[in-house]
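> Could you work out the structure for the sequence below:
(one chain, ligands or ions: 1)
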Amino acid sequence: MNGTFYDLTTALVERKLFAGLRRDLLGQLAGEIVEVGAGTGADFPYYGAGAHVIAIEPDRSMAGRARRRARSAAARIEVRIADDTFLAGIAPHSVDAVVFPLSLCTIDAPSRALEQARRVLKRSGQLVVLEHVRSEGRVGRFQDAVAPLWKGAAGGCRLNRRTRDAIAEAGFAVDALRTRRISRFFLIQELLYGSAPPAA
Ligand SMILES: C[S@@+](CC[C@H](N)C(=O)[O-])C[C@H]1O[C@@H](n2cnc3c(N)ncnc32)[C@H](O)[C@@H]1O
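Here you go, the predicted structure:
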């Protein structure tokens, strides 16, 4: 997707909703961090100076904007043009946090990415997510019906992923993850966000 187009079309929701959540989720992270699906680098302003971030993004246009944004970040951020399979090359138990920012909806094989995240995380590490998820009931069934159309129109985004279940199945403790209803009227109605440590 064109990075300029992405930033223009998400600017309002970014300012009104995501900026505050990103600040809360990322501000206290430190050490070795891998961000998967960094897009144009919307997360980058919120990492502190104690963070060293490897930011993975497969789309060259998005990654180009992310690289420019990385230059003005407080954290040391390296943008790699790669997809989630990059995680397979990282040593086990070597990373303090793996961050998925609105990317588990788009990654083709989220379970594979989450299993790799579990493998590379230190035992004291944490998975950090900010994702939109499938709603329950009638809304969820409607999301199922329009998901193929939405995927085509929205750069591969899936409206109806059950991301909390996928995170639990990959071996994380999901009790501290929170949900927030963001709308009654839009196709995307619910967010899942927070930190999940590896399950014991
Ligand atoms: C909805 S955008 C989110 C971008 C950014 N993280 C944000 O919060 O604005 C999803 C991103 O995931 C990236 N992506 C898609 N498939 C991926 C994969 N297999 N591995 C890593 N990133 C992927 C896309 O290129 C896109 O930049």
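> Residues of this structure that sit close to the ligand?
36-39, 42, 56-59, 62, 83-84, 101-103, 106-108, 157 (Cβ under 6 Å from any ligand atom). C-betas here are computed from N, CA, C, even on glycine.
> can you do 5 Å?
Gly37, Gly39, Ala42, Asp59, Met62, Asp83, Asp84, Pro101, Leu102, Ser103, Thr106, Ile107 (Cβ under 5 Å from any ligand atom).
> Gly155: how many residues sit nearby?
Neighbour count of Gly155, defined by other Cβ atoms under 10 Å: 16.
> which residue sits closest to it, ignoring its sequence neighbours?
Nearest non-adjacent residue to Gly155, counting by Cβ to Cβ, 6 or more residues apart in numbering: Met1, 4.4 Å away.
> residues contacting Cys157?
For Cys157, the contact set (Cβ atoms under 8 Å, 6 or more residues apart in numbering) comprises Cys105, Thr106, Trp150, Lys151.
> Ok, Val79 next?
When the contact criterion is Cβ under 8 Å, 6+ apart, the partners of Val79 are Ala38, Gly41, Ala55, Glu57, Ala63, Ala66, Arg67, Ala70.
> From the ligand, how far out is the residue nearest to Arg23 when sequence neighbours are not counted?
Excluding the flanking residues, the one nearest Arg23 by Cβ to Cβ, 6+ apart is Tyr46, at 5.0 Å. According to Cβ to the nearest ligand atom, to the nearest Å, Tyr46 and the ligand sit 11 Å apart.
> could I get the lowest-mean-pLDDT helix or strand in the chain in PDB with only the CA atoms?
Least confident helix or strand, the chain: helix 3-13 with a mean of 91, by mean pLDDT, DSSP states H and E. Extracted in PDB, the C-alpha atoms of helix 3-13 (Å, rounded to 0.1, in the frame of the first residue of the first chain):
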ATOM      1  CA  GLY A   3       2.500   4.900   2.600                       C
ATOM      2  CA  THR A   4       1.400   8.400   2.100                       C
ATOM      3  CA  PHE A   5      -2.200   7.200   1.300                       C
ATOM      4  CA  TYR A   6      -2.200   5.100   4.400                       C
ATOM      5  CA  ASP A   7      -1.100   7.900   6.700                       C
ATOM      6  CA  LEU A   8      -3.700  10.300   5.100                       C
ATOM      7  CA  THR A   9      -6.600   7.900   5.500                       C
ATOM      8  CA  THR A  10      -5.700   6.900   9.000                       C
ATOM      9  CA  ALA A  11      -4.800  10.400  10.400                       C
ATOM     10  CA  LEU A  12      -8.000  11.100  12.200                       C
ATOM     11  CA  VAL A  13      -8.400   7.700  13.900                       C
END
